[in-house]
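Enquirer: A structural model of the following input is requested.
(chains A and B)
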Amino acid sequence: MTRRVGTRPALAWLLVGAIPVLFLGVFFAYPVVSILGRGISDGSVLEVIRRRSTGRLLWFTVWQAVASTVLTLLAGLPAAWVVARVQVPGRRFLRALLIVPFVLPTLVVGAALQATFERFGLDDPDGGLRLQGTVWAILLAHVVFNVAVVVRIVGGYWALLDPRVEEAARVLGANRWRVAWEVLIPRLAPALWSAAGIVFLFCFTSFGVILTVGGPTHPTVETEIWRYATQRTDFTTAAALAILQLLTVVALLVMINRLERRTASGAVARRPVPARAVRSVRQALGVAAALLPALVLVVVPLGVLVERSLAVGGGHGFGNYRGLGTSGANGLFVSPLAAVRNSLAYAAVATALAVLVGGLASVVVVHAGRRSGRGLHLALMIPLGTSAVTLGFGMLIALDSPPLDLRTSRIIVPIAQALVGIPFVVRSLVPSLRAVDPRQREAAAVLGASPTRARREVDLPIAARSLLVGAAFSFAISLGEFGATSFLTRPDAPTVPVAMFRLLGQPGAVLRGQAMALGTLLAGLTAVSVLVIERLRPKDALGW
Amino acid sequence: MVTARVYGPGLVAERLTVRFGTTVAVDDVSLSVGPGEIVALVGPSGCGKSTLLRVLAGLEIADAGRVAWDGADLTRRAVHERSFGLMFQDHALFPHRCVGDNVGFGVRMQGADRAGRERRVAEVLELVGLGGFEARTVETLSGGEAQRVALARSLAPAPRLLLLDEPLGSLDRTLRDRLARDLRAVLTGLGLAAIHVTHDQEEAYAVADRLVVMRSGRIVRDGPAAQVWADPQTEFTAAFLGHENVLGPAVAAALGIGDGTHSVVVREAAISLEASPGPGAPGVAGRRAVVTAVQFRGATSQITLGVAVVGAPDVLLRVHVGSPPAVGNRLWVRLDPKHVVALRPDLPAVPG
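Expert: Residues are numbered from 1 along each chain as shown, chains lettered A, B, ... in the order given. So this is what the prediction gives:
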């Protein structure tokens, strides 16, 4: 058989692949399997699953996630169209702005919405319009949180579709709605499924949002795992619920992956089709109307968050921010500012880990080719779909004996955060590595570059920016990670989200103001990393 | 093979075979290219010419056969150690590098210092008529400019053989004609040996001295371009090279040309048109013909003639003339047997 020149011996690839496999095996699979084992060994899983309350819990978790997903798609699709097809000034800024809530800690988004309800009088407990503590608040928060997923994934894919296909349908006599229904939606289907799958996962395992805006009357599987594990110390029930959740997530990932592939036609451009300029007032109004839902949902809560952080007594000032430096009676053992320092340090280490492990994993995925690559790719997405609470809980109970007694070590926090960041590195790196034209490598080889040199000269420059994008993403995600971190941080070294949660749990307007100030700081930090992402991101990048 | 063979100067490829699964892309092909020789490798798409080129470059490993340069065996030599240049279809320029870095890539791989690199880049860019383009990004180049940059990039490391894989394929006719001429000028100016793959016979004539025709993985004709044109030897080659008047054995015999067992190609030079049956050249009788179609082609027009034959339908011949007669006009056609060549039905040519 003829083979292409420049393939590397299998042994080298095994070594490259060993690092991600080991990392994920020890820090992800082992803890998760430990939970599975714990639940299965005493036979209580079935007992817990058979409980009526479990059924109700699962039902509520599923339907709120489905409803949230549908609403998010509705809010995000018009904005995705603008991002994909229209030349609006500040397109990059727009993309950056919309993604801020997504990389913000769910707690900050929750707190921002809570503050928004208060601000507009939607938290009235007796009569009137009340949102705080209702299902509607949860759905709304999920839309705010996830709208960027739709805009990015669907918008990015949309930009690759040749608009002439729709024009052809118009010329053949189809009206706008028919074109949308019969031509556009089927072509967008793979991206729609992909986005819907991710949004559903986040809503299904949502934690911070449910805790803050949903209140105690709306438990989901995720919050119950947390409650059983930490407050009632009923590890068996927590483990059983975690198994239930994991099974649902894996089943869903496999299903979405199939739908994505079945609907994929493959007829997409390699590079985005150039966007078109706005040519009339009518078009401009259309664009504005398309952007409005997503923009309002994102801008208003963030604005209120900033405003609340500046509210001191009756007026406005920087009092809350000055208070961050002191470690007084705030329920923390340190000053809130120390939490900022902790967060930055943890996130930096987590990012380095995620880039190393995710980078190597991406190279292996791309090299492995279509079939086995797909399986690997899917496996790498599982940490994204696994609830952070399960992960944190699993690490806590599994990594407690030598040689891996990490429970009291500080490194366990960035390791957990890196697990959440790795899928983002892989997601941004794999498409750009796949897009490298193999003839470029051949051209380099003919011009005298050895196989290793050709990879360094051709793949690395193209992938470098995507790697930085993945790094920035995983940094932002690590900064805001709450579910796993809340299990693993030591009380004297809280991260910002953990500190916020504690501050919000204390009575008193001062601490509340400080929480808002911390949230604003965190929002600022993540916004900066997001802007870095948008600056670095190549104009025609695929993926995130 | 244990016996040490002495190969001639330049490229010698011997009995190369490449299989993809069950299909044989290159089937026992031998080819040599002398120093400074420019060879056009032509054939319809899918005939294996690009695969052959990739084997010569070292990008594809042959299942059998060897490749040598100046007597040294290169069959197992890696791509980057062959010092052959390759110009890709659609160029495969590095999109993330500017023109100067694209062109200087090969020189950098040779370990040249910055100053040497810049000098060489400026030199080859000047050679292809793009002096001063160093800082341009690849995206801003037009089709013709990108083609020139790709040429400059493959020339910069001073390869000993240049392989060109349909480098003009994506360009429009006029640009293609101009660049083909320029390409030939550059290659002959440098005295560089080259193999130019194309499916366009006119491009092949414009660039090369020698024509190698491939069909279904085999070489069916190999020789100086003018000779291959004048004597295509097989029906396939005659049709592929654009001969309009290929006649079957029976038809040719009815016209009094050919021996009745071979097809013939009637070169245009064989056809003369007269207003009367007149004496004309000795021994060749004029035949009655009618103009059945006229197609305007710019400087000339192609007319189709129905030539009367006893006991059979009219034979159609096509010929180009400056001022065409009207459809329906009657003429006399005289065929000069000197310019009628017998063909064999698809006989693979003996190489060399």
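Enquirer: chain neighbours aside, what residue packs nearest to residue A:110?
Expert: Spatial nearest neighbour of residue A:110, excluding adjacent residues (Cβ to Cβ, 6 or more residues apart in numbering or on different chains): residue A:212 at 2.9 Å. Any C-beta I mention is one placed from the backbone N, CA and C, and that applies to glycine too.
Enquirer: ok, residue 217 - contacts?
Expert: I'll assume chain A. Taking Cβ atoms under 8 Å, 6 or more residues apart in numbering or on different chains, we find residue A:217 in contact with residue A:133.
Enquirer: let's do chain B instead
Expert: B:24, B:25, B:26, B:27, B:29, B:47, B:48.
Enquirer: residue B:304 falls within a strand, correct?
Expert: Yes - assessed with DSSP: H, G, I helix; E, B strand; the rest coil, residue B:304 lies in a strand.
Enquirer: SS state for residue 258?
Expert: As the question left the chain open, I've gone with chain A. For residue A:258, the secondary-structure state derived from three-state DSSP is helix.
Enquirer: nope, chain B
Expert: What three-state DSSP gives for residue B:258 is coil.
Enquirer: pretty sure it is touching residue B:266, no?
Expert: No - checked against Cβ atoms under 8 Å, the pair residue B:258 and residue B:266 is beyond contact range at 9.4 Å.
Enquirer: show the subsequent helix or strand relative to the top helix by length along chain A.
Expert: Criterion DSSP state H: the longest helix present in chain A is helix A:52-85. Heading C-terminal from helix A:52-85, the first helix or strand you meet, by DSSP states H and E, is strand A:86-87.
Enquirer: and that following strand, which strands flank it?
Expert: strand A:276-277 (parallel) (DSSP bridges).
Enquirer: do stretch A:463-482 and chain B meet at all?
Expert: No - residues of stretch A:463-482 are not located near chain B by Cβ under 8 Å from any Cβ of the partner chain, the shortest gap being 9.2 Å.
Enquirer: next, the buried residues of that stretch.
Expert: A:463, A:465-482 (16 or more other Cβ atoms under 10 Å in any protein chain shown).
Enquirer: what of stretch A:74-84?
Expert: Buried, per 16+ other Cβ under 10 Å, within stretch A:74-84: A:75, A:76, A:77, A:78, A:79, A:80, A:81, A:82, A:83, A:84.
Enquirer: name the residues contacting each of residue B:258 and residue B:266.
Expert: By Cβ under 8 Å, 6+ apart, the residues touching both residue B:258 and residue B:266 are B:247, B:340.
Enquirer: quick check: residues of the stretch 351-500 of chain A near chain B?
Expert: With Cβ under 8 Å from any Cβ as the criterion, the stretch 351-500 of chain A meets chain B at residues A:437, A:439-440, A:442-451, A:453-454, A:457-458, A:461-462.
Enquirer: mind giving me the PyMOL command for buried ones among these?
Expert: In PyMOL syntax, the buried subset of those is picked out as below (16+ other Cβ under 10 Å):
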select buried, chain A and resi 437+439+440+442+443+444+445+446+447+448+449+450+451+454+457+458+462
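Enquirer: from the residues of the stretch 351-500 of chain A next to chain B, which ones fall inside helices?
Expert: Cross-referencing those against helices under DSSP H gives A:439, A:440, A:442, A:443, A:444, A:445, A:446, A:451, A:453, A:454, A:461, A:462.
Enquirer: so which of those residues is the closest to residue A:11?
Expert: residue A:451 (14.9 Å; Cβ to Cβ).
Enquirer: so the closest one makes contact with residue A:444?
Expert: No - between residue A:451 and residue A:444 there is no contact under Cβ under 8 Å: 9.3 Å.
Enquirer: what touches both of these two?
Expert: Counting by Cβ under 8 Å, 6+ apart, the residues touching both residue A:451 and residue A:444 are residue B:80.
Enquirer: distance of residue B:203 from chain A?
Expert: 21 Å (Cβ to the nearest Cβ, to the nearest Å).
Enquirer: state the distance from that residue to residue B:41.
Expert: Distance, residue B:203 to residue B:41, using Cβ to Cβ, to the nearest Å: 12 Å.
Enquirer: which of those two has more neighbours?
Expert: Per other Cβ atoms under 10 Å in any protein chain shown, whichever of residue B:203 and residue B:41 has more neighbours is residue B:41, with 31 against 22.
Enquirer: Provide the secondary structure category for that one.
Expert: Under three-state DSSP, residue B:41 falls in the strand class.
Enquirer: name the SS class of residue B:206, please.
Expert: Residue B:206 ends up helix, using three-state DSSP.
Enquirer: which residue packs closest to it, ignoring adjacent ones?
Expert: Residue B:206's closest residue in space is residue B:180 (Cβ to Cβ, 6+ apart), at 3.9 Å.
Enquirer: so which elements touch the helix or strand containing the one you found?
Expert: In this assignment (DSSP H and E), residue B:180 forms part of helix B:173-190. Judged by 3 or more Cβ pairs under 8 Å, 6 or more residues apart in numbering or on different chains; DSSP states H and E, helix B:173-190 is in contact with strand B:38-42, helix B:143-155, helix B:201-207.
Enquirer: strands paired with the next helix or strand after the second one, and their directions?
Expert: The one in question is helix B:143-155. Per DSSP H and E, the first helix or strand lying C-terminal to helix B:143-155 is strand B:161-165. Paired strands of strand B:161-165, with direction, are strand B:84-87 (parallel), strand B:193-198 (parallel) (DSSP bridges).
Enquirer: figure out which of the ones you listed is closest to residue B:151.
Expert: Closest among the strands paired with strand B:161-165, using Cβ to Cβ: strand B:84-87, at 6.2 Å.
Enquirer: chain center to the closest one, what's the gap?
Expert: Centre-to-centre, strand B:84-87 and its host chain are 17 Å apart (Cα atoms, centre = their mean, to the nearest Å).
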